[in-house]
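Chemist: Got a predicted model here, sequence first, then my questions.
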Amino acid sequence: MKKKRKTLTEEEVVARLRTKYGDETKGWVVFEQVASGTGAMSRRYADAVAMNLWPSKGLEILGFEVKSSRGDWLRELRSRRKVEDGVYRYCDRWYVVAGGPGIVELDEVPKNWGLLEPSGRGLKVTKVAPELSPDDVERIFLACVLRRAATAKNFTSADALRAERNRGFEDGRKFEYDQVRYELERLRLVVAKTKEFEKASGISIEWEGDVEALGIAVKAVVSGNGKGLSASLNRVRRIEAMATELATEVSSRREAIEAVVAETEDRL
């Protein structure tokens, strides 16, 4: 049974927008809940606004409207003129960002809007937003952006904290995985080397046996003490040869004695 994809909350979507467009090393900054005006002049909010601060990138401004339910999106479609009368007017491109599949159908997206959807741990561009012809930025809108910038500087949002916590968790999990993988590789190497030793020596290592004694013997051979061990083995071999020779002589004399005894018995 195919697992149903989770629908992201607005906070989770905005966190992904920050990850995608909040890279200051590339000139981007992201602001949340930006209004088109302050006080009585505040008419419509954009859930997020991303601005590139590099002149070489045209100081581009992107606006985002986040939708986490089908009903919310359909209401937005019915009042899209109100949307386009707000922060939209100052943006070079405008995107609706769906929190999950089935919330926004591609053929429903207005031709002058783009569409972003969740993909893995990030967001993908399902439809590229066309370039708009924005109005010149008014002081009232600039005041809204600066207010959001001041708020972002003094407070860390809950979703930012959550994102940092999740990033730390993922980093920790990756570290543990790498450690386990390293230990497994070491274990495989030990097993392989043990088999090589058993094959070359003819000795089967039983883990419940006297492994320490075997280790001491091997150390004696590998180190300088191997000469003494070799001499002892040679002495044992010489003694074994002498014992074999003696046993042969005893056996031969026994046969001679038995022959004399038999001949004597016959004479009697």
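Modeler: Received it, and whenever you're ready, just let me know what you need.

Chemist: any weak-confidence spans in the stretch 151-268 of the chain?
Modeler: For the stretch 151-268 of the chain, applying pLDDT under 70 flags the ranges 151-164, 205-218, 220-268.

Chemist: Specify the helix with the largest residue count in this protein.
Modeler: helix 158-201 (DSSP state H).

Chemist: So which elements touch that one?
Modeler: Secondary-structure packing of helix 158-201 (3 or more CB pairs under 8 Å, 6 or more residues apart in numbering; DSSP states H and E): helix 10-21. Using the backbone N, CA and C atoms, a C-beta is placed for each residue, glycine as well.

Chemist: helices or strands up against the helix it packs on?
Modeler: Applying 3+ CB pairs under 8 Å, 6+ apart, one finds that helix 10-21 makes contact with strand 28-35, strand 45-52, strand 61-67, strand 114-119, strand 122-127, helix 158-201.

Chemist: Please list all residues in contact with Val128.
Modeler: Listed by CB atoms under 8 Å, 6 or more residues apart in numbering, the contact partners of Val128 are Gly114.

Chemist: That one and Arg186, how far apart?
Modeler: Look at Val128 and Arg186: by CB to CB, to the nearest Å, they are 49 Å apart.

Chemist: re the thing from before, Ile140: which of the helices and strands packed on helix 10-21 is closest?
Modeler: Each of those was scored for nearness to Ile140 using CB to CB, and the closest is strand 28-35 (9.3 Å).

Chemist: quick one, the closest one and strand 45-52 angle?
Modeler: Strand 28-35 runs at 160 degrees relative to strand 45-52, counting by axes from the mean of the first three to the mean of the last three CA atoms, to 10 degrees.

Chemist: In strand 28-35, which residues are buried?
Modeler: Using 16 or more other CB atoms under 10 Å as the test for burial, strand 28-35 gives 28-32, 34-35.

Chemist: then stretch 135-143 to PDB, C-alphas only?
Modeler: Listed next in PDB are the C-alpha coordinates belonging to stretch 135-143 (Å, rounded to 0.1, in the frame of the first residue of the first chain):
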ATOM      1  CA  ASP A 135       5.700  49.000  -9.500                       C
ATOM      2  CA  ASP A 136       8.500  51.100  -8.100                       C
ATOM      3  CA  VAL A 137       9.000  50.300  -4.400                       C
ATOM      4  CA  GLU A 138       7.200  52.900  -2.200                       C
ATOM      5  CA  ARG A 139       8.400  54.000   1.200                       C
ATOM      6  CA  ILE A 140       5.400  52.400   2.800                       C
ATOM      7  CA  PHE A 141       6.400  49.000   1.500                       C
ATOM      8  CA  LEU A 142      10.000  49.600   2.400                       C
ATOM      9  CA  ALA A 143       8.900  50.400   5.900                       C
END
